[in-house]
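K.L.:
structure for this input, please:
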Amino acid sequence: MKNIKKLLGLMLVVSMVFVAAACGNGNTAEPAKPTEPTTEPTEKTEPAKGDGGEIYFLNFKPEIAEVYDKIAKDYEAESGVKVKVVTAAAGTYETTLKSEIAKSDAPTIFQINGPVGYNAWKDYILDVKDSKLYSYLTDKSLAVTDGEGVYGIPYVVEGYGIIYNDAIMKKYFALADKAVTISSTEEINNFATLKAVTEDMTAKKDQLGIKGVFASTSLAAGEHWRWQSHLANVPFFYEFKDNTAFENPILAGLASDEISFKYADNFKNIFDLYINNSVSKPTMLGSKTVSDSMAEFALGQAAMVQNGNWAWSQINEVEGNVVKADDIKYLPIYTGMAGEEKQGLAVGTENYFSINSKVSADKQQASIAFLEWLFSSDKGKAYVTNDLGFMAPFNTFKEDEKPADPLAKEVLNWMSKDGVSSVVWTFAAFPSEEFKNYFGDALLEYAQGSKTFDEVTTIVKDSWKSEKAK
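P.N.:
As a prediction, the model looks like this:
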């Protein structure tokens, strides 16, 4: 299982680094004058052979450097184009990129962390909207764009939503006395329908053999990240999306010194549904952990639980697990937003490929061709799935070429649905860990009955403002 708290912290740290790099120059970071990096990168290939004969990939992750070296050798053998792979030491990517991009033999492919990284490096990023690589994306809304241009291609994603046990749901829909007219979970596409199904299932939980529709809403200290980050992401995505002054909701959030918590009622809709139709009473949630919640789901005590694709290992490893892989499915987190019938899962990444706009056109096209080979050829895709371990968001991957775990497959399936758009991970713009803790603590007090939701809303708005001011 991925350490999600570590992931969230890393995303915020990276964002802060790029923001700092962007300050003082019209939000565009100037590269440093040619200097050697503080930490020497690891270079595994020969010097350049000539214009277009070699491309240069500056890798972000040391832990997969050896895999990229193997990929480079195979690609050269197949195409005749040498791929120089340079891997920045851990924690030095931005410093290394500043140094390397100022050299005459600059990286032709580098990585940005999303719209914040684009804002810092936009003078060095090529528009790839006409590339096959962009056309391969199953959800083009995930790309980093500016106007009509496309400047960052996500190459590995994670997603979260409401996980459900289809065996329990089918048992409910087979009931002769069910109170809803729909006949399958696939027909749930908005909050009103989800609420009707949930409340009827609660009334019939003894017939279904469950203790509650939803697993416990974990609100123990340090265990409420699913609500103050993941669930909160949904209303804030829509609030920041409403700010048309920004191309991307993450940038809108980073620029917001204050928030209105415009969609607080939508947050309350789904949060109330969780805590009032749960395995545990609301007053008991302060002692519940994520592990408790996942165990309840794995043991068949609950039909649904909110979590990400990393949760399959938790479910599968619970002793006595009764949930079959084929019964693991996803629903988006519906909150009552207008038009949410077209809303998908919350999908995000901090990993995007960009092409250097300052190198020759030959090198640019050769770099794009390499990435297209990596994500469309049989050999390249095998490396991506089996060696790099990526959940790649491209339509070039056949069903048997995708990751084996059911939640990863579900995320990719949702991303490929026609007319459905993923919810961007805007929690990267949240001002601090303390802000999230204030939010989570207030939710616990609300669940226990010692605070009204209006008071929770005030705490969220005030703590955002105070944390931003710091």
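K.L.:
separation between the residue nearest to the spatial centre of the chain and Phe237?
P.N.:
Note on the chain: the residue nearest the mean C-alpha position is Gly348, at 2.1 Å, using CA atoms, centre = their mean. The gap separating Gly348 from Phe237 is 10 Å, by CB to CB, to the nearest Å. (C-beta placed from N, C-alpha, C; glycine too.)
K.L.:
what's the overlap in contacts for these two?
P.N.:
Val424 (CB atoms under 8 Å, 6 or more residues apart in numbering).
K.L.:
coming back round to it: report the separation between the closest residue to the residue nearest to the centre of the chain other than its chain neighbours and Ala77.
P.N.:
Once flanking residues are discounted, Gly348 sits nearest to Trp425: 2.8 Å by CB to CB, 6 or more residues apart in numbering. Using CB to CB, one gets 38 Å for the distance from Trp425 to Ala77.
K.L.:
for these two, indicate the residue with more neighbours.
P.N.:
Trp425 (27 against 8; other CB atoms under 10 Å).
K.L.:
model confidence score at the more buried one, please.
P.N.:
With respect to pLDDT, Trp425 scores 94.
K.L.:
what do you get for Glu187?
P.N.:
pLDDT, Glu187: 98.
K.L.:
contact partners for it?
P.N.:
Contacts for Glu187 (CB under 8 Å, 6+ apart) come out as Thr193.
K.L.:
mind running it again at 10 Å?
P.N.:
Phe173, Val180, Thr181, Thr193, Val197 (CB atoms under 10 Å, 6 or more residues apart in numbering).
K.L.:
are any of these buried, and which?
P.N.:
For the contacts of Glu187, a neighbour count by 16 or more other CB atoms under 10 Å gives the buried set as Phe173, Val180, Thr193, Val197.
K.L.:
can I get those in TSV with secondary structure?
P.N.:
Output for these, formatted as TSV (DSSP: H, G, I helix; E, B strand; the rest coil):
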residue	secondary structure
Phe173	helix
Val180	coil
Thr193	helix
Val197	helix
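K.L.:
in those residues, find the pair that's most separated.
P.N.:
The most widely separated members of these, counting by CB to CB, are Phe173 and Thr193 (12.4 Å).
K.L.:
intersection of neighbour lists for the two?
P.N.:
If you check Phe173 and Thr193 against CB under 10 Å, 6+ apart, the residues they both contact are Val180, Ile182, Thr185, Glu187.
K.L.:
what domains does the record give for the chain?
P.N.:
4-157+349-397, 159-347+426-469 (automatic domain parsing).
K.L.:
mean pLDDT for the ones you listed: which is lowest?
P.N.:
Comparing mean pLDDT across the domains of the chain, the weakest is domain 4-157+349-397, with a mean of 81.
K.L.:
can you give the distance from it to the centre of its chain?
P.N.:
18 Å (CA atoms, centre = their mean, to the nearest Å).
K.L.:
now do stretch 149-163
P.N.:
6 Å.
K.L.:
using CSV, write down the CA coordinates of it.
P.N.:
Extracted C-alpha coordinates of stretch 149-163, given in CSV (Å, rounded to 0.1, in the frame of the first residue of the first chain):
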residue,chain,number,x,y,z
GLY,A,149,-1.8,24.2,-26.0
VAL,A,150,-0.8,21.0,-24.3
TYR,A,151,2.5,21.1,-22.3
GLY,A,152,2.5,18.2,-19.8
ILE,A,153,1.5,14.6,-20.4
PRO,A,154,0.7,12.5,-17.3
TYR,A,155,2.3,9.1,-17.5
VAL,A,156,1.3,7.4,-14.2
VAL,A,157,-1.9,8.1,-12.2
GLU,A,158,-3.7,7.1,-9.1
GLY,A,159,-7.4,7.4,-8.3
TYR,A,160,-10.0,7.2,-5.5
GLY,A,161,-13.7,7.1,-5.1
ILE,A,162,-16.3,5.0,-3.4
ILE,A,163,-15.3,1.3,-3.6
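K.L.:
wait, doesn't Ala408 sit right on Trp414?
P.N.:
No - taking contacts as CB atoms under 10 Å, Ala408 lies outside contact range of Trp414: 11.1 Å.
K.L.:
give me the common contacts of those two.
P.N.:
Applying CB under 10 Å, 6+ apart, one finds that Ala408 and Trp414 are jointly contacted by Gly159.
K.L.:
list the contacts for the residue nearest to Ser291 when sequence neighbours are not counted?
P.N.:
Leaving aside its sequence neighbours, Ser291 sits nearest to Gln314 (CB to CB, 6+ apart; 7.3 Å). Gln314 makes contact with Met1, Val290, Ser291, Ser293, Met294, Ala295, Phe297, Ala298, Val305, Asn307, Asn321, according to CB under 10 Å, 6+ apart.
K.L.:
so which of those residues comes closest to Lys82?
P.N.:
Met1 (38.2 Å).
K.L.:
give me the neighbour count for Lys281.
P.N.:
Around Lys281 there are 12 residues (other CB under 10 Å).
K.L.:
against Tyr334, how distant is Asp418?
P.N.:
19 Å.
K.L.:
right, I mislabeled it, should have said Asn189
P.N.:
8 Å.
K.L.:
what do these two both touch?
P.N.:
Taking CB under 10 Å, 6+ apart as the criterion, Asn189 and Tyr334 both touch Glu340, Glu341, Gln343.
K.L.:
tell me which helix or strand comes right after the host helix or strand of Lys379.
P.N.:
Using DSSP states H and E, Lys379 maps to helix 378-382. Next helix or strand after helix 378-382 toward the C-terminus (DSSP H and E): helix 406-415.
K.L.:
from the chain's centroid, how far away is that following helix?
P.N.:
Distance, centroid of helix 406-415 to centroid of chain: 13 Å (CA atoms, centre = their mean).
K.L.:
alpha carbons of it, as PDB, please.
P.N.:
Extracted in PDB, the C-alpha atoms of helix 406-415 (Å, rounded to 0.1, in the frame of the first residue of the first chain):
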ATOM      1  CA  PRO A 406      -8.900  -4.800  -9.600                       C
ATOM      2  CA  LEU A 407      -9.000  -1.200  -8.300                       C
ATOM      3  CA  ALA A 408      -6.300  -0.100 -10.700                       C
ATOM      4  CA  LYS A 409      -8.300  -1.600 -13.500                       C
ATOM      5  CA  GLU A 410     -11.400   0.200 -12.300                       C
ATOM      6  CA  VAL A 411      -9.600   3.600 -12.200                       C
ATOM      7  CA  LEU A 412      -8.400   3.100 -15.800                       C
ATOM      8  CA  ASN A 413     -11.900   1.900 -16.900                       C
ATOM      9  CA  TRP A 414     -13.500   5.000 -15.400                       C
ATOM     10  CA  MET A 415     -10.900   7.300 -17.100                       C
END
